[in-house]
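J.: Attaching a predicted model along with its sequence, questions to come.
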Amino acid sequence: MPDWIHIVWKSLTAIILMFLLTRFLLGNRQISELNYFQYIVGITIGSLAGFSSINIMNWSSGLIALIVWAFVAYLIEMLLLKSKKIRDVMEGKGTILIKEGKILEDNMKSVKYNTDDLLSQLRKKNAFKVADVEFAVLETSGDLSVLLKRENLPITAQHLGMKLPNEQEPQTVIMDGNVINEPLATIGLNREWLHTELEKIGVTIENVFLAQVDNYGELYVDLYDDQLKIPEPQQRAILLSTLKKCAADLELFCLSTENEAAKQMYEQSLMKMNKMISRLKPLLQ
């Protein structure tokens, strides 16, 4: 058998074996999350795989070395899972670069981090001013974790005392001009509803590149023809306007009646309506 055929099938075998070994060892871990030992193992396994695929005489020796390295790496991974001390030795610890708003220059020197590196990583975290940062730590993966000062943190619904429902994953109901039935059924809708919503905005299914339905039942549509403008969904705005109109009607009834019992009933209903509007307003705006 010609040597090139040996090299082809040995290369394919080495590739498959290397893929299985690295997939087994690393799982879904990203390249940036590898520790030093895993990085060394990755380089060595790649070198051994390349050596095994082109060395016709000692192919089995290369595969044995490949399996030994993978087995050792597996044992190290098991130790890392069970011992924090070993993790600290193998993976290292995070290094604080900013504490209480002050840059720690000595810590930056210890991890060979310069000012440009720090500013670049801060910008990636939307922190363009060092003065806005309370705490920053360089993780062992090389990523910079940033905590902004309290006055610079974005306002959330919790800060405003509002309770919002849990968000649900939007369902893709049209893709590449084809209706997908399963997501429609998941949210309790059907094709008739979809056709009705598309007719409201004057769009045919064939012209829809992508369509999604959110947990409020609103339909987002992206068309093949980017020149066409689609009106924004108005269901929530219409509902809010209707609720406000009901509240205005209740107030009008309350002012126009002279019956004390009816006035009291309208006042109580108006209070309930205003309370409901205040709770729903963040969701409907």
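T.: Nice, I can see it. Numbering: from 1, shown residues only.
J.: buried stuff in stretch 152-159?
T.: Of the residues in stretch 152-159, none is buried under the neighbour-count criterion (16 or more other CB atoms under 10 Å). Glycine gets a C-beta too; all of them are placed from N, C-alpha and C.
J.: how close does the most centrally placed residue in the chain get to Val213?
T.: Computing the C-alpha centroid of the chain and ranking residues by CA atoms, centre = their mean puts Glu169 first, at 11.5 Å. Counting by CB to CB, to the nearest Å, the gap between Glu169 and Val213 amounts to 10 Å.
J.: circling back: so which strand or helix has the residue nearest to the centre of the chain?
T.: Element membership for Glu169 (DSSP states H and E) is empty, with no helix or strand holding it.
J.: hang on, isn't Asp225 packed against Val208?
T.: No - between Asp225 and Val208 no contact is recorded; they are 10.2 Å apart, counting by CB atoms under 8 Å.
J.: With neighbour numbers in mind, choose between these two.
T.: For Asp225 versus Val208, the count of surrounding residues by other CB atoms under 10 Å is larger for Val208: 23 against 8.
J.: Find the nearest non-adjacent residue to the more buried one, please.
T.: Ile174 (4.8 Å; CB to CB, 6 or more residues apart in numbering).
J.: buried sites along the helix or strand harbouring the one you found?
T.: Using DSSP H and E, the element containing Ile174 is strand 171-175. Neighbour-count burial for strand 171-175, with 16+ other CB under 10 Å as criterion, is recorded at 171, 173-174.
J.: quick one: Asn178 from Thr172, how far?
T.: 11 Å.
J.: Same question for Leu12.
T.: Summarising the geometry, the distance separating Leu12 from Thr172, computed by CB to CB, is 37 Å.
J.: got it, and Glu260?
T.: 56 Å.
J.: wait, Arg150 sits on Glu134?
T.: Yes - in this structure, Arg150 is within contact of Glu134 by CB under 8 Å, at 7.4 Å.
J.: Compare neighbour counts for those two and give me the winner.
T.: Relative neighbour count places Glu134 above the other of Arg150 and Glu134, with 17 against 7, counting by other CB under 10 Å.
J.: Let me see the contact set for that one.
T.: Taking CB atoms under 8 Å, 6 or more residues apart in numbering as the contact definition, Glu134 lies against 98, 100-101, 147-150.
J.: For the residue nearest to Val208, give its distance to Ile180.
T.: When CB to CB is the yardstick, Ile174 and Ile180 sit 7 Å from each other.
J.: And Gly202, by the same measure?
T.: Distance from Gly202 to Ile180, counting by CB to CB: 22 Å.
J.: Settle it for me: which of those two has more neighbours?
T.: Shown here are Gly202 and Ile180; by other CB under 10 Å, Ile180 has more neighbours (15 against 9).
J.: ok, now which ones touch Leu210?
T.: By CB under 8 Å, 6+ apart, the residues touching Leu210 are 172, 174-176, 221-222.
J.: now swap in Val133 and tell me
T.: For Val133, the residues meeting the contact criterion (CB under 8 Å, 6+ apart) are 98, 101, 122, 127, 146-149.
J.: ok, it to Met276 distance?
T.: When distances are taken as CB to CB, Val133 and Met276 turn out to be 41 Å apart.
J.: what's the answer for Ser241, then?
T.: Where Met276 is concerned, Ser241 sits at a distance of 14 Å (CB to CB).
J.: now do Ser120
T.: 49 Å.
J.: do the same with Lys124
T.: Going from Lys124 to Met276 by CB to CB gives 42 Å.
J.: ok, now Phe209?
T.: Summarising the geometry, the distance separating Phe209 from Met276, computed by CB to CB, is 38 Å.
J.: what about the residue lying closest to Lys99 once chain neighbours are set aside, which SS state?
T.: Counting by CB to CB, 6+ apart, the nearest residue to Lys99 once its immediate chain neighbours are dropped is Phe135, at 6.1 Å. At Phe135, secondary structure determined by DSSP: H, G, I helix; E, B strand; the rest coil is strand.
J.: Quick check: Phe135 touching Val146?
T.: Yes - at 7.5 Å, Phe135 and Val146 qualify as touching, with contact defined as CB under 8 Å.
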